[in-house]
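Trainee: What shape does this take:
(chains A and B, ligands or ions: 3)
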Amino acid sequence: MPDFLYVHIPFCIKKCLYCDFLSVTYNESLAKAYTDALCKELILKKDIAGQLKTVYIGGGTPSILPEECFGQLFKCLKNNFKFSDLPEMTVEANPGTVDKSKIGAMFSIGVNRLSIGVQSFNDDELRTLGRIHTSKEAEDAVRIIKNSGIDNFSVDLIYGIPGQTLDSWRDTLSKAMEFSPNHISSYELTLEKGTPLYEMIKSEETNPPSPASVASRCDFAKGGMGGFLANIKMPDEELILEMYGYAIDHLRGKGYEHYEISNFARHGFRCIHNLNYWDGGEYVGAGAGAHSFIRGFRLKNTDDIRRYIKDLNKGITPEAESTEIKRDDAIKEFIFLNLRKTEGISLAKAEEFGLNLPGVCRELIEDGHLEMEGDYLRLTRKGIPISNTIIISLFERLGLD
Amino acid sequence: MSKNIRNFSIIAHIDHGKSTIADRLLEYTGALSAREMQAQVLDSMDLERERGITIKAHSVRLLYKADDRKEYILNLIDTPGHVDFSYEVSRSIASCEGALLVVDASQGVEAQTLANAYLAVEHDLEMIPVINKIDLPAAEPEKTKEQIEDAIGLDCSEAILASAKEGIGTKEILEAIVEKIPPPTGEDDKPLKALLFDSWFDNYQGVIVLVRVFDGTVRAGKKIKMMATGNIFEVAQVGIFSPKMQPSEKLSSGEVGYVIAGIKSVTDTRIGDTITDVDIPAQEPCPGYKDIKPMVFCGLYPTIPHEYDNLRDALNKLRLNDSSFNYEPETSFALGFGFRCGFLGLLHMEIIKERLEREFDLSLLSTAPTVVYRVTKTGGEVIHIENPALLPDKYEIIEEPFVLVTIFVPKDFIGPILDLCQEKRGVQKNFIFIGKDKIKVEYELPLNEILWDFYDRLKSISKGYASMDYEFLGFRESDLVKLNILINGEIVDALSLIVHKEKSYYKGRELTEKLRGIIPRQMYEVVIQATIGSKIIARESVRAMRKDVLAKCYGGDITRKRKLLEKQKEGKKRMKQIGRIELPQEAFLAVLKVK
Ligand SMILES: Nc1nc2c(ncn2[C@@H]2O[C@H](COP(=O)(O)OP(=O)(O)OP(=O)(O)O)[C@@H](O)[C@H]2O)c(=O)[nH]1
Ligand code: SF4
Ligand SMILES: [Mg+2]
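Mentor: Ligands and ions are numbered 1, 2, ... in the order given. From the prediction side, this is the model:
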């Protein structure tokens, strides 16, 4: 039985320009109706879950919820689920939506880990991303959390932002270090089709803007509306690689373990909830668009928030897409998920799948893309940035279609 | 009976309006109802409709009640105008007594006007000049007549002025066909003698052949014999195209129609063969056709290796419908098992490849086209090299095909055209005025030089007004070398070419550069080298890929990540694996991009 629970809160103050998560503009009455529905879904699913080791409330911007909604949600969890000792209880929080009292309230009801969506400590970059907050507001948010006495929080950062330089990335990292977080996520910005940022970049690739229009855009951006400062294009890949390399070296130097492609933690502060995904474990998801993995099926709740609420008001579980993970798919998942962890794939476990990995990846090892240590096969520093290519090559070598 | 039959072809330079005139004739004689009518209705192949050109000759029977109040059977054959398909024209001409020579009044006489007219003259066909498109503002019917008289020596005093677009001259054309084209001379009582001039494979009926009966009759139940192959069949059905397939009781002397005779195997028929009676055979076969030799060759390989047998089967069947290409199995280190195929030109090659892919649902990879070379080996043995990779290291003599190129061009553009021919190693052979404004020049040129961009440049220099035709002259010794392409140190045989020594360095550099642009970055650095003998003349490299997108993987959406990987993997399937490197299909055609 899955011992991991994910809860999705699909509301934000305003959509960021790069965002392709399921999230809509916050309004209080919708949020309340949603919380009611969420509690109904949790009750319907209570027997699917075992003794919860983690609860992860992600979004969207969960921290936007009013205190009473949090109260309602946690009460529902406590009344209906069993918990293991000291479960990890994470909430994602965004600067501009937290204050002292809300943080205090969260801790008092059992939240013990926060993941703060800082993304950058550079105002230009935050504007390019279309975030709602300034770097100053981001600092304030981290400070409030830090001062509230909680030590398990993650500062989440993004690199590879248009206009970002290696220097500004260094500055963002060292600013983060000032708060001495026990966990750091550092994700490369991915351009997702359909997002405003994607459209903008594609259109500028085809018609570079005139200097005049760039100038007027700067004025617009300075008005604080969010937008772009200069001719906007993705940083080139060498720079992105440097940023990534810098983060790894710098954070390791500061005593962080690089435990997953994009995640760093001090000893004992890895995110247990996310590790479960990469370990291929089962989990229950609740909320619109939430994913579950139960008994060999991957399920995804409907993305349609109103539909979600309606279904639950009728007392039925929300509509969900389901994909059965057959043997080949299970092997593929096993490989690509485990390779995300710096520890790598356990060869013993691979053998349980009937895979002879050392046999098929000799070349990849010789070329320095993969390495073996003890029972584990893992990506090297050279291999990590081209992990997709290596994974595909492994699929081919294993005859997986 | 055969006195009221007229067999004729419509011939012209490309785009001068043959198929559109055929439309008007079909319409006028009521062969098709208004509802069934569409533009260039005889161009029935999808490819023909998409490209707006005729690729295959199409025949159709019309019934026409003439001014003399008699009813005539008209067998019309619409032919293609592009030079690559001139074989279709010669096949059609052999089964007719007359031809409409169509000339676009705004363009005048062009290269294939002349070439096709000569074919008709050779076969003693009665030619009726038709000046088409007189509706165009730029039409100059008088000038056009003058050019026809000058270039072909055909009397144009009674030339028909027509506009196929507006239906002008349709009746005049029909009357001229009846009046001027002689009826066929064959006799029904003589032993059967019919020319097999087209065939195709039908999934239900097997092989269908199209014949022109010269003597005798053919009907269901008759035992027939193919004179060249000696195969014997029993006729199951005969009929005509009007333009739909329509069974009839018999085909008599002078008639054109189809024969179905339980021919199962595509190798049992040969276009140009003569069909006769088993019991009382004809004395001698019809003259048949000149054997035509493909000039351009390329390798065709299935992208999925196990489709090799399907490809062979498809080639077999398609060859039945187009006997002007040929194929032989070949093996490439880089590409595996495939076929070396010969074509009449680049358009022909493109069309055959596309027909194979569409009509037989195959996915094919083609290597760069090449001409055929004649090589005398050190021992004196002479071989023909259709695949540059097979050129031996040592040989006595290497010769390349030369052609006589005929260019028609308005006199204003002649200067740059002469420069172009010079640049391509041409030797001028002839220069004459046709009418007052047109010039016909003839050049001897290596075929290899005119195959690639020559035609495009000719067209652009002359704002589209120049046209060209070429005929094979023979092999001539040239200073040629083999250029090999190495990918990470290994020769990729499918990329080798034979080039003129003077241009070899330039080609090597250009080709490696083009390949660098085409080959995507991959896990390993890709080094591309061009060599002549053991000498490296150019080198480029594609840096190893340093990163892909490190897409996030959280929130439990694992399926999406898996699908993304699968999609990326799918993209790789369309590439050809050469050692550890993957080459996209375009790489094999990179040489076409080298000017
Ligand atoms: N204005 C005008 N256009 C015409 C006339 N006849 C044909 N066309 C146009 O000329 C183009 C070529 O006509 P086709 O009938 O396909 O020419 P074709 O000779 O059969 O061409 P190929 O079979 O490819 O050699 C088409 O766009 C026709 O619509 C005409 O009398 N007047
Ligand atoms: S805060 Fe996160 S979920 Fe909300 S809009 Fe921005 S990127 Fe999307
Ligand atoms: Mg046509």
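
Trainee: Give me the nearest residue to residue B:421, chain neighbours excluded.
Mentor: Leaving out its chain neighbours, the residue that sits closest to residue B:421 by C-beta to C-beta, 6 or more residues apart in numbering or on different chains is residue B:443, at 4.6 Å. To be clear about C-beta, it is placed using only N, CA and C from the backbone, and glycine gets the same treatment.

Trainee: Doesn't the one you found belong to a strand?
Mentor: Yes. Looking at residue B:443 with DSSP: H, G, I helix; E, B strand; the rest coil, it is inside a strand.

Trainee: now what about stretch A:35-45, what contacts it?
Mentor: Identification of contacts with stretch A:35-45 by C-beta atoms under 8 Å, 6 or more residues apart in numbering or on different chains yields A:7, A:65, A:69, A:72-73, A:76-77, A:80-81, A:284, A:286-287, A:308-309, A:312-313, A:315, A:317-318.

Trainee: returning to that earlier point: what about the residue nearest to residue B:421, distance to residue B:429?
Mentor: To residue B:429, residue B:443 is 6 Å away according to C-beta to C-beta, to the nearest Å.

Trainee: low-scoring stretches of chain B, by residue?
Mentor: Low-confidence segments of chain B (pLDDT under 70): B:1-2, B:266, B:550-551, B:553-554, B:595.

Trainee: and it, which residues reach ligand 2?
Mentor: Residues of chain B that fall close to ligand 2, judged by C-beta under 6 Å from any ligand atom: none.

Trainee: tell me which parts of chain B are close to chain A?
Mentor: B:522-524, B:545-559, B:561-562, B:564-565, B:568-569, B:572, B:580 (C-beta under 8 Å from any C-beta of the partner chain).

Trainee: Could you rerun that using 10 Å?
Mentor: For chain B, the residues in contact with chain A (C-beta under 10 Å from any C-beta of the partner chain) are B:521-524, B:544-566, B:568-573, B:577, B:580.

Trainee: Residue B:419 and residue B:458 touch, don't they?
Mentor: No. Using C-beta atoms under 10 Å, residue B:419 is not in contact with residue B:458; the gap is 11.4 Å.

Trainee: sec struct for the closest residue to ligand 1 within the stretch 51-200 of chain B, please.
Mentor: In the stretch 51-200 of chain B, the residue found nearest to ligand 1 is residue B:81; the distance is 2.5 Å by C-beta to the nearest ligand atom. On the three-state scheme (three-state DSSP), residue B:81 is labelled coil.

Trainee: ok, it - contacts?
Mentor: Taking C-beta atoms under 10 Å, 6 or more residues apart in numbering or on different chains, we find residue B:81 in contact with B:10-19, B:53-54, B:88-89, B:102, B:110, B:112-113, B:115-116.

Trainee: near ligand 1, from these?
Mentor: Applying C-beta under 6 Å from any ligand atom to the contacts of residue B:81, one finds that B:12, B:14, B:15, B:16, B:17, B:18, B:19, B:53, B:54 fall near ligand 1.

Trainee: where do the helices sit along the stretch 1-150 of chain A?
Mentor: With DSSP state H, counting those that start in this stretch as the criterion, the stretch 1-150 of chain A has helices at A:28-45, A:67-80, A:100-108, A:123-129, A:135-147.

Trainee: Buried deepest among those, which one?
Mentor: Of all these, helix A:123-129 has the most neighbours on average by mean count of other C-beta atoms under 10 Å in any protein chain shown, namely a mean of 22.

Trainee: Quick one: list the elements packing against that one.
Mentor: Applying 3 or more C-beta pairs under 10 Å, 6 or more residues apart in numbering or on different chains; DSSP states H and E, one finds that helix A:123-129 makes contact with strand A:113-119, helix A:135-147, strand A:153-159, helix A:166-178, helix A:196-206.

Trainee: nearest to ligand 2, of those?
Mentor: Ligand 2 lies closest, by C-beta to the nearest ligand atom, to one member of the helices and strands packed on helix A:123-129: strand A:113-119, at 5.8 Å.

Trainee: and the angle for the closest one with helix A:166-178?
Mentor: In terms of direction (axes from the mean of the first three to the mean of the last three C-alpha atoms, to 10 degrees), strand A:113-119 departs from helix A:166-178 by 160 degrees.

Trainee: For residue B:77, give me its contacts.
Mentor: B:7-11, B:22, B:42, B:57-60, B:88-89, B:91-93, B:95-96, B:99, B:197-198, B:210, B:212, B:256.

Trainee: any idea how far residue B:209 is from residue B:330?
Mentor: Residue B:330 is 30 Å from residue B:209, by C-beta to C-beta.

Trainee: Which residue of the two possesses the greater neighbour count?
Mentor: More crowded of residue B:330 and residue B:209, by other C-beta atoms under 10 Å in any protein chain shown: residue B:209, with 24 against 20.

Trainee: tell me which parts of the stretch 101-250 of chain A are close to chain B?
Mentor: Taking C-beta under 10 Å from any C-beta as the contact definition, the stretch 101-250 of chain A meets chain B at A:160, A:185, A:187-192, A:237-238, A:240-241, A:244.

Trainee: Can you flag which of the residues you listed belong to helices?
Mentor: A:237, A:238, A:240, A:241, A:244 (DSSP state H).

Trainee: Using ChimeraX, define a selection of the buried residues within those residues.
Mentor: Buried residues within those, by 16 or more other C-beta atoms under 10 Å in any protein chain shown, are selected in ChimeraX with:
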select /A:237,240,241,244
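
Trainee: Of the ones in helices among the residues of the stretch 101-250 of chain A next to chain B, which ones also sit close to ligand 2?
Mentor: Intersecting these with the contacts of ligand 2 gives an empty set (criterion: C-beta under 6 Å from any ligand atom).

Trainee: now, among the ones in helices among the residues of the stretch 101-250 of chain A next to chain B, which is nearest to residue A:52?
Mentor: residue A:244 (33.8 Å; C-beta to C-beta).

Trainee: Now do stretch A:349-362: everything it contacts.
Mentor: Stretch A:349-362 is contacted by residues A:279-280, A:327, A:330-331, A:334-335, A:338, A:344-347, A:364-365, A:367, A:369-370, A:372, A:375-377, A:390, A:393-394, A:396-400 when judged by C-beta under 10 Å, 6+ apart.

Trainee: Can you say which of those residues are buried?
Mentor: Those of those that meet the buried threshold are A:280, A:331, A:334-335, A:338, A:344-347, A:364-365, A:367, A:369-370, A:376-377, A:390, A:393-394, A:398, A:400, by 16+ other C-beta under 10 Å.

Trainee: Please narrow those residues to those residing in helices.
Mentor: Counted as lying in helices by DSSP H, out of those, are A:331, A:334, A:335, A:338, A:347, A:364, A:365, A:390, A:393, A:394.

Trainee: confidence score at the last one?
Mentor: If I follow you right, that is residue A:394. You'll see residue A:394 listed with a pLDDT of 93.

Trainee: Not counting its neighbours along the chain, what's nearest it?
Mentor: Residue A:394 sits nearest to residue A:335 (C-beta to C-beta, 6+ apart), 5.9 Å away.

Trainee: Was I right to think that neighbour contacts residue A:395?
Mentor: Yes. Residue A:335 is in contact with residue A:395 according to C-beta under 10 Å; the separation is 7.4 Å.

Trainee: any idea which helix or strand of chain A has the worst average confidence?
Mentor: Lowest by mean pLDDT, DSSP states H and E among the helices and strands of chain A is helix A:211-220, with a mean of 58.

Trainee: got the residue ranges for the helices in the stretch 1-150 of chain B?
Mentor: B:18-28, B:46-51, B:86-93, B:111-122, B:141-152.

Trainee: Let me see the ranges of the helices in chain B.
Mentor: B:18-28, B:46-51, B:86-93, B:111-122, B:141-152, B:170-180, B:308-321, B:346-359, B:414-423, B:447-451, B:454-461, B:501-518, B:558-573.

Trainee: Check which helices and strands the longest one sits against.
Mentor: Just to be clear, that refers to helix B:501-518. By 3+ C-beta pairs under 10 Å, 6+ apart, helix B:501-518 packs against strand B:480-487, strand B:497-500, strand B:526-532, strand B:535-542.
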